[in-house]
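*Asks:* Need coordinates for the below:
(chains A and B)
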Amino acid sequence: MNRRRGFGFHGGIEPNSYKSETTRLPIRVAPISEELVVPLHQNIGGTPRPLVRVGEYVFKGQRIGAADGNISAAVHAPTSGHVTALELRQVPHASGLADPVVVIRADGEDAWMAPEPFDWRAAPPDAVRDYLRDAGVVGLGGAVFPSHLKMRPGDADAIDTLILNGAECEPFITCDDLLMRERAATILRGASILARLTGARETLVGIEDNKPEAIAAMRQAGAGMAGVEVVVLPTRYPTGGAKQLIRALTGIEVPHGARSTEFGVQCFNVGTAHAVADALERGRPLISRIVTVAGAVRTPRNYEVLIGTPVRELLADAGMMAGVERVLMGGPMMGFALPGYAVPVVKATNCLIAWTPGLLPEQPEERPCIRCGACAEVCPADLQPLELYWYARGNQFGKAQEYGVFDCIECGCCAYVCPSNIRLVDYYRYAKSEIWASERDKARADAARARFDARNARIEREKSERAARVAAKTAASRAAVSAIPDASADGVSEPSVSNAGPASGSEAAKHALIAQALARVRARQAGQDVADDPGGAAGAHQPGDTGHTTS
Amino acid sequence: MLLPLLIMTGLAIVLGAVMGYVSVRFRADSDPLVDKVDAILPQTQCGQCGYPGCRPYAEAIANQEAEINQCPPGGDEGIRKLAELLGREYKPLDAAHGAEKPKSVAVIDEATCIGCTLCIQACPVDAIVGAAKQMHTVVATLCTGCELCVPPCPVDCIRMELVRDTVDTWKWRRPIIPIKAVA
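*Replies:* This is a model prediction of the structure:
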């Protein structure tokens, strides 16, 4: 059975896994909270547009936020009840800032909306992708990238290998482990849907060898399926990184700036496959996920939690102990401390760790970098973390980019092995967000420059058009003067040669012109109301067009 | 004796012709130095530097007519970038041209607006929409925060609002290394 042994990848570490305590109990369905707070922006890309109003009744699974733009995914009501607020509230983000949320007061009925029948086998691929977008399916491994964008049948890059990521390499996190143990069949049904949608011929499930129960369950469920193979990989952090897993399973090293699809490989998390099966087979949008609750709680275990459940209630159900100083979302390597306990569980929440002093080894004081190179040895992205550190610290972001700071997956291996205890990832995050900010500023400046130039060009054009009109009018008047030969020929008085114009302007001609102008004005006043009086918009001012034809 | 003279004269004529042709054929449409300076300027088009827009100021800098420290929106960082580009000495921002302020955008109190279009005419980047005797409003994503629309408003209904960080624009801070007294 175990044909493949894996190819391995560069670097990585083997930290203590801390996984055993949360795998003893089965998944528990978390109680429905009285008030659910559903952030609209739970995916990478555009913030969904809210579809509900305050006071409206929503059914469980009803769409409350529609995907906005190309990169976006919908959000849904996790239970039935009334929308009590659409406001800004603190969300689980390292910034601790507020973002738009939909607050739903549960009515306790937990009534599903009427299912929309959808036959994904018969529907065209684009319709299936739109369906998944509207079912809010995003990558549940933590990146929350909209899944429908990862399957584009008919693209130039044909997919032949589908990879299911069940590696779950980060300490403490066991949500994928338990999902594979308990719902292996659904995961593999989702995988076969994904394989069909992407056109993949073979499906590889990568699982680390510290999860024997999950491996057994997946092998049993996949026994009768053609083209599905469960590959056991050595436990090594970060096997679960997409590029690392692809390298470990296929030997393909996806280079800088390239996508795995260019090499015929696409990777999904096992949780995402489960969500795809739920959405397409049962018409159930993504409204819940498995969350590991670990650390200083009485019953560390995995929960199936409705999106929007306040973290506080989940921790209370698990029995949070006294002395918890902060709660981490995600694992100890890549996670961040939650800004508060009122924030909701979102699609990206895979693990909550109640942190007390002594749970993890203390981070000693930072000391100067000695350029030992230990970080480069463990870097799974084959970067030079110490160079990146120096450039980020010295605000030389261009250099940091040259050295591939955007290839950094922020796994934290470098910081883990650093003998000087430098929090290296913080420097890379700092450099990345500074670069993103300056790119945003640059885009804004370029747009402002273009608009400024366009405005100047418009003003210039209007000015020259006005000058041209005046010139045309003058020319017409002159022509009118010269067209009255009898007036000048009669010569009431002697022609006074004006020093301004070449045209011989006799008094009679002038009188004739004035008479003409008066006639024009009278004609205009008679013909139309005084409606073209400019209100002030000089920019948009168009002089009356009654003008320059001689009447 | 005559041959070298002829050769040199001939060469001079040929090369001169080539250079003359090249200078016409491959003429640079705009001064590349002006473009580089303009790329550093923040494109606020606020005129605080004393020139009617960023590009005129860039031209003045490139022609050595203006100092590099007259742009408050560009701030200290902008001055440093200009100093580096032009090989000039860094100077602190000239207070006569204003102070560096956090980024803000103009907001029109729509209930008070009388629709006079004065702000529309003042806006250097056409970021205000509206028509005569109709309510005006600022397109926040296009506003550069130049404040040029504020003084012309006859009813003082335009105020500047600070741009606050959102989850999308928030930045990780530079890690701080605590300094400890050793002795």
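*Asks:* Would you map out the domains in chain A?
*Replies:* Residue ranges for the domains of chain A, per automatic domain parsing: A:21-355, A:369-471, A:484-496+A:504-525.
*Asks:* winner for burial among those?
*Replies:* Mean neighbours per residue, mean count of other CB atoms under 10 Å in any protein chain shown, is largest over these for domain A:21-355, with a mean of 20. Just so you know, the C-beta spots here come from the backbone N, C-alpha and C atoms, and that holds for glycine as well.
*Asks:* quick check, that domain touching chain B?
*Replies:* Yes: Domain A:21-355 comes into contact with chain B (CB under 8 Å from any CB of the partner chain), by way of A:41, A:91, A:93-95, A:97, A:99.
*Asks:* sorry, back to before: export the domains of chain A to a markdown table and append columns for distance to residue B:174.
*Replies:* Rendered in a markdown table, the data for the domains of chain A read as follows (distance: least, CB to CB, whole Å):
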| stretch | distance to residue B:174 |
| --- | --- |
| domain A:21-355 | 15 |
| domain A:369-471 | 5 |
| domain A:484-496+A:504-525 | 69 |
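*Asks:* from the residues of domain A:21-355 next to chain B, which two are the most distant?
*Replies:* By the measure CB to CB, A:41 and A:94 form the most distant pair in those, at 14.5 Å.
*Asks:* before we move on, back to that, pLDDT, distance to residue A:202 and secondary structure for the residues of domain A:21-355 next to chain B - can I get that in TSV?
*Replies:* As requested, the residues of domain A:21-355 next to chain B are exported to TSV (pLDDT from 0 to 100; distance: CB to CB, whole Å; DSSP: H, G, I helix; E, B strand; the rest coil):
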residue	pLDDT	distance to residue A:202	secondary structure
A:41	94	35	coil
A:91	95	39	coil
A:93	93	38	coil
A:94	92	38	coil
A:95	92	41	coil
A:97	93	44	coil
A:99	94	40	strand
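*Asks:* Closest one to residue A:345 out of the residues you listed, please.
*Replies:* Nearest member of the residues of domain A:21-355 next to chain B to residue A:345, counting by CB to CB, is residue A:91, at 10.9 Å.
*Asks:* residue contacts, that closest one?
*Replies:* Counting by CB atoms under 8 Å, 6 or more residues apart in numbering or on different chains, residue A:91 makes contact with A:39, A:41, A:97-99, A:101, A:343-344, A:346, B:167.
*Asks:* where does the stretch 401-550 of chain A dip in pLDDT?
*Replies:* Counting by pLDDT under 70, the stretch 401-550 of chain A contains low-confidence ranges at A:485-506, A:528-550.
*Asks:* Check residue A:46 and give its pLDDT.
*Replies:* At residue A:46, the model reports a pLDDT of 89.
*Asks:* Please determine how far it is located from residue B:161.
*Replies:* Residue A:46 sits 24 Å away from residue B:161, going by CB to CB, to the nearest Å.
*Asks:* next one: residue A:323
*Replies:* From residue A:323 across to residue B:161, the span is 43 Å (CB to CB).
*Asks:* Please apply the same query to residue B:174.
*Replies:* Taking CB to CB, one finds residue B:174 at 27 Å from residue B:161.
*Asks:* just for the chain, where's the confidence low?
*Replies:* Because you didn't say which chain, this covers chain A. A:1-5, A:153-157, A:485-506, A:528-551.
*Asks:* oops, I was thinking of chain B
*Replies:* Looking at chain B by pLDDT under 70, you get B:177-183.
*Asks:* what's the longest helix in it?
*Replies:* In chain B, taking DSSP state H as the definition, the longest helix is helix B:2-25.
*Asks:* by contact count, what packs against the helix or strand following that helix?
*Replies:* Following helix B:2-25 in sequence order, the next helix or strand is helix B:32-40 (DSSP states H and E). Contact partners of helix B:32-40 among helices and strands, from 3 or more CB pairs under 8 Å, 6 or more residues apart in numbering or on different chains; DSSP states H and E: helix B:54-62, helix B:75-86.
*Asks:* Now do the very next helix or strand once past the longest one: distance to the chain's middle.
*Replies:* Right, helix B:75-86. Sequence order places strand B:104-108 as the next helix or strand after helix B:75-86, per DSSP H and E. Distance of strand B:104-108 from its chain centroid, counting by CA atoms, centre = their mean, to the nearest Å, is 19 Å.
*Asks:* Who does strand B:104-108 pair with, and is each partner parallel or antiparallel?
*Replies:* In the sheet, strand B:104-108 lines up against strand B:158-162 (antiparallel) (DSSP bridges).
*Asks:* and the partner strand, which residues are buried?
*Replies:* B:158, B:160 (16 or more other CB atoms under 10 Å in any protein chain shown).
*Asks:* from the chain's centre, how far out does stretch A:246-264 sit?
*Replies:* The answer for stretch A:246-264 is 23 Å, by CA atoms, centre = their mean.
*Asks:* do the same with stretch A:301-309
*Replies:* The answer for stretch A:301-309 is 23 Å, by CA atoms, centre = their mean.
*Asks:* phi, psi of the nearest residue to residue A:304 once chain neighbours are set aside?
*Replies:* When the adjacent residues along the chain are set aside, residue A:304 lies closest to residue A:29, with 4.8 Å between them (CB to CB, 6 or more residues apart in numbering or on different chains). Dihedral pair for residue A:29: phi -80, psi 120, per degrees, to the nearest 10.
*Asks:* Please report how far residue A:29 lies from chain B.
*Replies:* Note on residue A:29: its distance to chain B, by CB to the nearest CB, to the nearest Å, is 29 Å.
*Asks:* Same question for residue A:235.
*Replies:* 30 Å.
*Asks:* swap in residue A:380?
*Replies:* In terms of CB to the nearest CB, residue A:380 sits 21 Å off from chain B.
*Asks:* my read: that residue touches residue A:13, true?
*Replies:* No: applying CB atoms under 8 Å, one finds residue A:380 not in contact with residue A:13, separated by 9.1 Å.
*Asks:* hey, what's in contact with both of the two?
*Replies:* By CB under 8 Å, 6+ apart, the residues touching both residue A:380 and residue A:13 are residue A:413.
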